[in-house]
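1. compute the structure for the input listed below.
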Amino acid sequence: MLSVVLIWVYVIITTYLTGFAFLKFVTSLDCMQSQKNKSKTGYKKYNPHYRESYIMAGIVVNTVYAQIYSLMAGVGVSANLILIAFCTLIAVYYRQELFEEVMDAVRITVGSRVGLYYILIFLLMAYGTSHGIMHYDSDLYHAQAIRWIEEYGIVRGLGNLHVRLAYNSSSFALAALYSMSFLGKSYHAMAGFFALMLAWQCLDLKDILRRKQPILSDFARIMAIYYLFTIFDEMVAPASDYYLSCIVFYIIIHWLDMNVRHTHSYVPYIMLALTGVYAVTIKLSAAPILILAIIPIYKLLHKGDPRKYKALGVSVVLALIIVLPFLIRNIIISGWLVYPVTGIDLFNLKWEIPKEIAAYDAAEIRAYGRGLDNQAIMSQADGAALWETDFKAWASNWFAGIHGLNKVMIVLDVVAIVVYVLCLIYFFAVALSETPGLKNKLNTGKVFKLSTRSMLNFADFLTISGSLVVCLLFWFFSAPLIRYGEVYVCLTFAIIFGRFLIHGFNKLGVDSARARLTIQIFATILVAWIGYKGVRLVIDDVSRFNAANFLTQQDYGDYEVDTFVIGDVTFYYPVEGDRIGYKYFPSAPRDMTGQIELIGKRIEDGIVYKNPQP
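-> Residues are numbered from 1 along each chain as shown. Model (predicted):
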C-alpha cells in the first residue's frame, strides 16, 4: 500500500503539472477564448473549474509522451527523468499560479470535512490497489505487453510471438511509464489510479442534500459507485477494461455536470471530446463515444465564426496527436492499422500478422464474448465459422449465462432503448412541426418542463444517451462479454430513466415537504447500500489479507516454465495453461519453435511468422 501511495503522489504531481501547462497553453489561444457578452466587446479565457481536469489532461499528455518515447527506446528511468525535468520547468515557469493552487488545495484539505473525505478515499483505493485478484489476462499478456514497452519500447512484428501482444492499448504505455521497474519491481498501480479519479468524482454525490434535488449526473455517479465496488478487488491488475470503463464514466459524468451548470464555453466540451479520442486508444470498443463530439462541433460551426473554425482546426490537430502514436504502434507491432481488423490492409509489411490468423483471432474474440466456451471455439474448423453462429442461438445462450444484477440491467437497457427511440421520434416530430409553441419548447430544452437547476437541453440529452445506446449496441453485436462493456450496461438505462425520474421529482415541487422527504429517503437508502457493500468488501478481503501488502504491492503470478530457442534468443512458455506473468521474459503462451523467426540476429530487429496456422 505504501508503494502505491508513493507512486500515486508522483503520478498526481507529474500529471497535474503537465496537464496544467497543456490547458494553460490551449486556453491562451485566441480561438479558444469565449465571448464576454452579447455586445461582442471582448473575449475571455476559459479557466477550468475542477482540479481533476488538470490531472486528467496530464494523464492524456503523459500517455502520448510514453507512446512516442516507446517508438525510440524502452520506457524506463530515462523516460521518467525527462518527464521530471519537463515538470520542473513547468513548476518554475508557473510558480506563482501553482503556489496559489497548492495553498488553496491545502486550505480545502486541512480546513474542511471534504478534504478529509478525499484523503480517506485516496487511502481506501490505495489499499484496494495494493492486492487482490489478478486478472487472468494480466498474467496471460498484460504483464508481458508492459514489460516489452519497459525493455524495448516497441518491436516489429511482436504480435507474431503472441497475437494478444498485438492488442495494443495506450494504457500499457502509461503503465510502463509509472511501473518503476527500474527500481527492481514492476508496479501496476495505474488502473487503481483511474478508479481513484472516478471515486473522487463520485464524492460530489453528497451535494444532493445541499441542493435538495437530483441532477442527471447523480444517476451516473450511483452506477459508477456500483462499478467501483465490482472492481475493487480486481483493480490491482493492469487490465485495459478498467481504464476504459473509468474514463467513460468520467466523461459522461463531467459532460452531464457541465450541461446542468449551463457551461457556455466550448473549450471544456472540446477537452472532453479529446478525452473520448484518448479512450479509443485504450480500447477500440469505445469508438462510438466519439458521437459526443457532435456537441462541440455544432457549437463551433453553427454561427459561422472564423475564430471557432480555427478552434475546430486546433481540435482536429490535437486529436491526431493523441491517436497517431497509437496507430503507429499498431502498425509496428502487428503490421495492421487496427488489429485484428483485416478490412484495412494498407501496408503489406514483412512482419504483418498473417491475415488468416488475424481473422481467426477476431472471430475468437467475438465468439468468446458471445459465451462460447473454449472447447466450442476450438471445435470450429476455421475462424469464419465462428462469425456465422445463428443470432437466436447465441443470444439466448449468452443471456442465460448472465446472472444477478447484470441480467436485470440488461433488461432495463432494452426497455431504455425503446424509450430512447420514442424520445427521438418525438424530437423530430416537434422539430418538423409547424406549431411555434412546440418548437419553442424544443429550442429552450423545456420539453419535459424540468426545473432550471436540473434541466438538460433535450438535444444534448438525446446526443449523450444516443452515444451510450450506440456504444451498448456496438458492444452487444461485437463481443458482448459483460466485462468489456459493463460501463455501457450501467449507464444507458441510468441516464435515460434518470431524466424521467427527475421529471417526476419536479412534479412533486422542489421545495415541497414530499420532495424533501423523497430526498431524505433516497439519501438514507444510498448510505445504507454503500455501507452494506463496504461490509461485504471487508468480509471478502479477509481471506486475501496479507500484512506485507501494507508496504509493497502484490506481484504478478508466478508459473512453472520451459524454454525454446529462436536464433540466439531464449524464450519462455508455461508448462501448463497459457499464463506466464511478468517474471519470465521474453515469453510466449506455447512453444513457437518452427512457427516464427527473427528478422535479423537480434530480437530488436523484429519477429515474423513462418507457419501461419491459427
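
2. okay, now the domains of the protein?
-> Segmentation of the chain into domains, based on automatic domain parsing, reads 2-33+41-334, 355-393, 402-510, 561-609.

3. quick one: what helix or strand has Cys213 in it?
-> Residue 213: Gln, not Cys. Under the criterion of DSSP states H and E, Gln213 resides outside all helices and strands.

4. distance of it relative to Ala515?
-> Remark: distance between Gln213 and Ala515 (Cβ to Cβ, to the nearest Å) = 7 Å. Placement of C-beta: from N, CA and C, glycine included.

5. the domains of the chain: lowest mean pLDDT?
-> Here the lowest mean pLDDT among the domains of the chain goes to domain 355-393, at a mean of 68.

6. count of neighbours near Ser467?
-> For Ser467, the count of nearby residues is 27 (other Cβ atoms under 10 Å).

7. right, and it touches Leu292 too?
-> Yes - assessed by Cβ atoms under 8 Å, Ser467 is found in contact with Leu292 at 5.1 Å.

8. thinking again about what came up before, out of the domains of the chain, deepest packed?
-> Ranked by mean neighbour count, the domains of the chain are led by domain 2-33+41-334 with a mean of 20 (mean count of other Cβ atoms under 10 Å).

9. end-to-end on that one?
-> One end of domain 2-33+41-334 sits 38 Å from the other (Cα to Cα, to the nearest Å).

10. host element of Asp562?
-> strand 561-566.

11. what about Ala79, distance to Tyr16?
-> Distance of Ala79 to Tyr16, given as Cβ to Cβ: 18 Å.

12. what do you get for Leu205?
-> Taking Cβ to Cβ as the criterion, Leu205 is separated from Tyr16 by 24 Å.

13. could you look up the SS state of the residue nearest to Pro586 when sequence neighbours are not counted?
-> Once flanking residues are discounted, Pro586 sits nearest to Phe571: 5.4 Å by Cβ to Cβ, 6 or more residues apart in numbering. Secondary structure assignment for Phe571 (DSSP: H, G, I helix; E, B strand; the rest coil): strand.

14. quick one: residues contacting Phe571.
-> 161, 563-565, 586-588, 592 (Cβ atoms under 8 Å, 6 or more residues apart in numbering).

15. from those, which is closest to Ser70?
-> Proximity of the contacts of Phe571 to Ser70 was ranked by Cβ to Cβ; the top entry is Pro586 with 16.1 Å.

16. hmm, back to that, Throw the contacts of Phe571 into CSV and include distance to Ala393, thanks.
-> CSV is the format used below for the contacts of Phe571 (distance: Cβ to Cβ, whole Å):
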residue, distance to Ala393
Leu161, 35
Thr563, 43
Phe564, 40
Val565, 45
Pro586, 40
Ser587, 37
Ala588, 34
Met592, 35
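
17. now do the helix or strand hosting Val419: distance to the chain's middle.
-> In the assignment (DSSP H and E), Val419 maps to helix 404-432. The chain centroid and the centroid of helix 404-432 are separated by 24 Å, computed with Cα atoms, centre = their mean, to the nearest Å.

18. and that helix, what does it pack against?
-> Applying 3 or more Cβ pairs under 8 Å, 6 or more residues apart in numbering; DSSP states H and E, we find helix 404-432 packed against helix 436-444, helix 458-478, helix 482-508.

19. report the beta-bridge partners for the residue nearest to Pro586.
-> Assessed by DSSP bridges, Phe571 has beta-bridge partners Phe564.

20. quick one on the thing from earlier: ok, which of the domains of the chain comes nearest Arg536?
-> Comparing the domains of the chain under Cβ to Cβ, the one sitting nearest is domain 2-33+41-334, at 8.1 Å.

21. please state the offset of that closest one from the chain centre?
-> Its chain's C-alpha centre and that of domain 2-33+41-334 lie 8 Å apart, by Cα atoms, centre = their mean.

22. kindly report the same for stretch 580-600.
-> Remark: stretch 580-600 is offset 30 Å from the chain centroid, using Cα atoms, centre = their mean.

23. please save the CA atoms from it in CSV.
-> Extracted in CSV, the C-alpha atoms of stretch 580-600 (Å, rounded to 0.1, in the frame of the first residue of the first chain):
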residue,chain,number,x,y,z
ILE,A,580,3.2,-16.8,-17.6
GLY,A,581,3.1,-13.5,-15.7
TYR,A,582,5.8,-10.9,-15.7
LYS,A,583,8.9,-12.6,-14.4
TYR,A,584,9.9,-14.8,-17.3
PHE,A,585,10.8,-12.6,-20.3
PRO,A,586,10.6,-12.8,-23.3
SER,A,587,7.8,-15.4,-23.4
ALA,A,588,5.0,-16.9,-25.5
PRO,A,589,1.9,-18.9,-24.4
ARG,A,590,3.3,-22.0,-26.1
ASP,A,591,6.4,-23.4,-27.8
MET,A,592,6.7,-21.4,-31.1
THR,A,593,9.6,-23.4,-32.5
GLY,A,594,9.3,-23.7,-36.3
GLN,A,595,6.5,-21.1,-36.4
ILE,A,596,8.3,-17.8,-36.0
GLU,A,597,11.8,-16.5,-36.8
LEU,A,598,13.8,-13.3,-36.1
ILE,A,599,14.1,-10.8,-38.9
GLY,A,600,17.7,-10.2,-38.0
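
24. just list the residues touching His162, thanks.
-> 141, 144, 587-589.

25. name all residues that make contact with the spatially most central residue of the chain.
-> Centroid-nearest residue in the chain, with Cα atoms, centre = their mean: Leu244, separated by 2.2 Å. Taking Cβ under 8 Å, 6+ apart, we find Leu244 in contact with 171, 279, 282-283, 285-286, 487.

26. just the ones in strands from those, please.
-> Among the contacts of Leu244, no residue falls in strands (DSSP state E).

27. in CSV: these, plus distance to Ile133.
-> Output for the contacts of Leu244, formatted as CSV (distance: Cβ to Cβ, whole Å):
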residue, distance to Ile133
Ser171, 19
Ala279, 25
Ile282, 21
Lys283, 20
Ser285, 22
Ala286, 24
Val487, 19
